[in-house]
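*Asks:* How does the following fold in three dimensions:
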Amino acid sequence: MKVGNISQTVWNRSVCRQLHIEEDEILFPPSLEEPCSAFCLPAEQEKSKKRKRVVIYTNAEVFGDAVNVGNFAIYRALNDLAVRGACPVSVSLRILLTPSIVEERLKEMIVCMEAVCQTAGVSITGVKAEVSPAVTYPIVFAVAAGYMGAESMTRASEALPGQELVLCGYAGLEGTLRILAEQKDELAKRFVPAFIRKTKELENQLAALDAIAAARCAGASAIHQVGQGGIFAALWELGEASKVGMDVDMLKLSVRQETIEICEYYGVNPYQLTSAGCILMTSNDGDSLVKTLEGVGARATRLGVIRHKKARVITSKTEQRYLDRPAPDELMLWWERE
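*Replies:* Numbering: from 1, shown residues only. Purely as a prediction, here's the structure:
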């Protein structure tokens, strides 16, 4: 099969049809678009039977040689919990290491991930690390868990026709930082030190918990983090989850100049590049939501409008085209070439 996420067809045929979910307490049926799993606590375990409590968890995985590679899994997992309305509490890690790695590198990886969790106000509650001859690069699996009230849940399937589509954050930034982390020596020969330093400092923008909380308070309806396949895949996923179409202004997509230059150097499409920390939202008042997000220091822009019709149209100046089904993530294709 092709690298990257499996297609909707493969998911339906070989995954979904084999699963049988019957419990009423399960809140998110398995789907290709939904990264989280959640269930209601049984009534007898709840302190208050009037307010259902929900346990929610998600996982994310990354691979690579960079010392901060695990950070990207944690950012993604914590943001995925937040977009569903959860309060993240803990992160559990599983780390697969190559036989050639030294203990000091493991220590450095843990220090990096602990710093991310400390900043986010969550604890690392478990670490399982092992050396495996089956892996070519270190792999980090992060499982984040949290809780929420059932009534506060936000779903990607709640986009409504007539609502405005808002993008918070920068498309392709996560993928840019991961490429830089893996190829810092090569890129240091291509770009001046100030450019490299400034780009590295953008990592904290992948933490979107404050922006997500502000958007929820401002009445954002559907909220969806951009994942593998980049912003184009996320737009498709949002449309599929809500069974709606959309009109999107390509020129409104926020992309950092650092992303443009690094992507051009490696021949990578930033619009199909993994983008943790970049969040799609819908609202009845897009301009008001943008102002709210800017008020907490986030980059935000109004992308377009949700439509009744299923067509998902992207406009760039005078040109229009239909959004395609998600393509393999450009980071995965870059790894194949490397």
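*Asks:* got any ranges where the chain has weak pLDDT?
*Replies:* The chain contains residues with pLDDT under 70 at 22-25, 43-51.
*Asks:* what do you get if the cut-off is 80, keeping everything else the same?
*Replies:* Within the chain, the set of residues satisfying pLDDT under 80 comprises 1-2, 4, 21-29, 32-33, 41-52, 150-151, 338.
*Asks:* In it, what residue spans correspond to strands?
*Replies:* Secondary structure of the chain (DSSP state E): strands at 36-40, 53-63, 87-97, 123-131, 139-149, 164-168, 223-225, 245-249, 279-283, 300-307, 312-316, 319-322.
*Asks:* Only the buried residues of stretch 319-338, if you could.
*Replies:* Residues of stretch 319-338 classed as buried by neighbour count (16 or more other CB atoms under 10 Å): 323, 326, 327, 328, 329, 330, 331, 332, 333, 334, 335. All C-beta spots, glycine's among them, are computed from the backbone N, C-alpha and C.
*Asks:* Ok, which of the strands of the chain comes nearest residue 28?
*Replies:* Among those, the nearest to residue 28 by CB to CB is strand 36-40 (5.4 Å).
*Asks:* Now do the closest one and strand 53-63, the angle between them.
*Replies:* Angle, strand 36-40 to strand 53-63, by axes from the mean of the first three to the mean of the last three CA atoms, to 10 degrees: 160 degrees.
*Asks:* Restricting to C-alpha, output strand 36-40 in PDB.
*Replies:* What follows is strand 36-40, C-alpha atoms only, in PDB (Å, rounded to 0.1, in the frame of the first residue of the first chain):
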ATOM      1  CA  CYS A  36     -10.100  10.500  19.700                       C
ATOM      2  CA  SER A  37     -11.800   7.700  21.700                       C
ATOM      3  CA  ALA A  38     -14.200   8.500  24.500                       C
ATOM      4  CA  PHE A  39     -16.700   6.800  26.800                       C
ATOM      5  CA  CYS A  40     -19.100   7.900  29.600                       C
END
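*Asks:* Check which helices and strands it sits against.
*Replies:* In this structure, strand 36-40 makes packing contacts with strand 53-63, judged by 3 or more CB pairs under 8 Å, 6 or more residues apart in numbering; DSSP states H and E.
*Asks:* coming back round to it: in TSV: the strands of the chain, plus distance to residue 78.
*Replies:* Converted to TSV, these look like this (distance: least, CB to CB, whole Å):
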stretch	distance to residue 78
strand 36-40	12
strand 53-63	9
strand 87-97	5
strand 123-131	12
strand 139-149	5
strand 164-168	15
strand 223-225	10
strand 245-249	27
strand 279-283	12
strand 300-307	19
strand 312-316	29
strand 319-322	34
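*Asks:* centroid residue for this protein?
*Replies:* When CA atoms, centre = their mean is applied to the chain, the residue found nearest the centroid is residue 276 (3.7 Å).
*Asks:* thinking again about what came up before, quickly name whichever of the buried residues of stretch 319-338 is closest to residue 189.
*Replies:* Nearest member of these to residue 189, counting by CB to CB, is residue 334, at 18.0 Å.
*Asks:* For stretch 107-122, which outside residues touch it?
*Replies:* 67-71, 74-75, 78, 88-91, 93, 95, 123-124, 127, 138, 140, 142, 144, 204, 207, 209 (CB atoms under 8 Å, 6 or more residues apart in numbering).
*Asks:* Can I have the buried ones of the residues you listed as a PyMOL selection?
*Replies:* Command for PyMOL that selects the buried part of these, burial taken from 16+ other CB under 10 Å:
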select buried, resi 67+68+69+70+71+74+75+78+88+89+91+93+95+124+138+140+142+144+207+209
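*Asks:* what ranges do the helices span in the stretch 151-300 of the chain?
*Replies:* Remark: helices assigned in the stretch 151-300 of the chain by DSSP state H, counting those that start in this stretch are 173-182, 184-190, 193-200, 209-217, 230-242, 257-266, 286-295.
*Asks:* nearest to residue 57, of the ones you listed?
*Replies:* Closest among the helices of the stretch 151-300 of the chain, using CB to CB: helix 209-217, at 16.3 Å.
*Asks:* in that closest one, what counts as buried?
*Replies:* Of the residues in helix 209-217, those buried (16+ other CB under 10 Å) are 209, 211, 212, 214, 215, 216.
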